[in-house]
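Colleague: what follows is a predicted structure for the sequence shown.
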Protein chains: 2
Amino acid sequence: MRQARHASTTAQESRALLTKRRLKVTKARLVVLDVLRSARRPMSVHELLKAARGRAGGTVTVYRMVNSFVARGILRAVNLRHDHLDYELIGPTDHHHIVCVKCGLIEDFTGCGAGRMAAAVLKKSRSFKLVREHAIELFGTCRSCAGAEPSSKK
Amino acid sequence: MRQARHASTTAQESRALLTKRRLKVTKARLVVLDVLRSARRPMSVHELLKAARGRAGGTVTVYRMVNSFVARGILRAVNLRHDHLDYELIGPTDHHHIVCVKCGLIEDFTGCGAGRMAAAVLKKSRSFKLVREHAIELFGTCRSCAGAEPSSKK
DNA sequence: AATGTAAATGTAACTCATTTGCATTTGCTC
DNA sequence: GAGCAAATGCAAATGAGTTACATTTACATT
C-alpha cells in the first residue's frame, strides 16, 4: 500500500517502454518488467518465472518475451558464467558487473574505460574498423566469501 | 612433408601439456590440441569435430575432453555471443578478442588495462575484496564488412 | 615384453533449455 | 464494438550437453 504511488509510476514507465516500440501492453509483460526493475540485477528466464509466481505467463511466453525485448533494445542479455543467459533492463547508465564466484553476488560498476580501449585496439588492428559494443565482466570474491575462506592465499 | 619438423614439435608440446597434468596422451587429444593450435582462434566442440574429420573421436569424447582440459587449465572457454562456448588454448600471453558482428572474424588484442580497472572497482566497491578473472570482448565491424555496408552510418 | 589398473572411449539413452506449430485469446486501431 | 495483428498457451520438436555402462587403451610396474 505504501508503495502504490511508486508502483503506478513504474507501470507507466513500462507502458511507455512497450508502446514506444509498438509492442502490446500485457499483464505478463508489465509483471516481467516490474520484477526486473525491483530486482535490480540480471535474472534468468527461470528466475523471472519464479519471482513472478505465475503472473508472467508460461515458460514459452517468457522466453518469447525476453527475446523480443532484447531485439527491441529493452533488455540486454549478459553472460555471468552461469549456464544460461541473464537479462537486465537497459538503462541510461551503461555499466558492467562484478560477480562473486563463490556466492553469486553481483555488483554493478561504471567507468570501464572501454572507449580508450577500443581506440587503442583499432589503432593497432589491421582488420577492424569500428567497435560497436563491448562486454566486460569481472569475477572475484566478495568480502563475506573471502572471509569465510582465508586459505585462498595459494 | 615439408612440415614434419614443426608437426613433431607441436606434438611434443601437446604431449608435455597432457603429461604435466597427468592426463593420458591419446590420438584424439593430440588431434584436438593440434587443430586448436593451427586454427589460432577459439573453436566450438562442433567446429573441432568438423576440423578433425573423425580423428578426434566421437562427439561425447570431445565434450569430455574440453571439459577436462578447461578444468585442468589447458583450455579456456570464451563467450563470443555465438550460441555456444568456444575453446582456446591458454597461452603465456593473456589476450582478449574483438569479433566482427557481420562475418565472425576474430582478432586477438592485448593490453586491456584490466588491472587498473579492477583496482578502481575494488576501491569503490563496498562488497568486493578481490578480482580473480575478467572477461572482455569487443564487438565491431571489420574493414571488409564495413566496406560492404556503408549505410551503417545510421 | 607381459600385465594390472585406472583413465579414456563409444554407443545409446537421457536430461534440460529453448524453439516451433497451431489453435485461441487479447490488445489496440478505426 | 468489429476486425486484425500480435500475444499467449499447449504440445511437440529440436538440439546441446551429460550420464550409464560396457569396452578399449595408455602407461606404470614388473
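Modeller: That came in fine, so what should we check first?
Colleague: make it CA atoms for all contacts and neighbour counts henceforth
Modeller: Will do.
Colleague: got the contact list for stretch A:57-71?
Modeller: Contacts to stretch A:57-71, defined as CA atoms under 8 Å, 6 or more residues apart in numbering or on different chains, come from residues A:Ala28, A:Arg29, A:Val45, A:His46, A:Leu49, A:Ala56, A:Leu75, A:Arg76, A:Ala77, A:Tyr87.
Colleague: show me what the most centrally placed residue in chain A bridges to in the sheet.
Modeller: With distances taken as CA atoms, centre = their mean, A:Glu88 lies nearest the centre of chain A, 2.2 Å away. As for beta bridges, A:Glu88 partners with A:Arg76 under DSSP bridges.
Colleague: now do the longest helix along chain A: which elements does it pack against?
Modeller: In chain A, with assignment by DSSP state H, the single longest helix is helix A:4-20. Judged by 3 or more CA pairs under 8 Å, 6 or more residues apart in numbering or on different chains; DSSP states H and E, helix A:4-20 is in contact with helix A:27-39.
Colleague: biggest strand in chain A by residues?
Modeller: Ranked by number of residues, the top strand in chain A under DSSP state E is strand A:128-142.
Colleague: for that one, what is the distance to the chain centroid?
Modeller: Its chain's C-alpha centre lies 14 Å from the corresponding centre of strand A:128-142 when counted by CA atoms, centre = their mean, to the nearest Å.
Colleague: near chain B, anything from the helix or strand just after that strand?
Modeller: Next along the chain after strand A:128-142, taking DSSP states H and E as the criterion, comes helix A:143-148. Yes. Against chain B, helix A:143-148 shows contacts by CA under 8 Å from any CA of the partner chain at A:Arg143, A:Ala146.
Colleague: any idea how far A:Ser125 lies from B:Ile98?
Modeller: The gap separating A:Ser125 from B:Ile98 is 10 Å, by CA to CA, to the nearest Å.
Colleague: hang on, the earlier thing: thought the residue nearest to the centre of chain A was touching A:Ala77?
Modeller: Yes. Assessed by CA atoms under 8 Å, A:Glu88 is found in contact with A:Ala77 at 6.7 Å.
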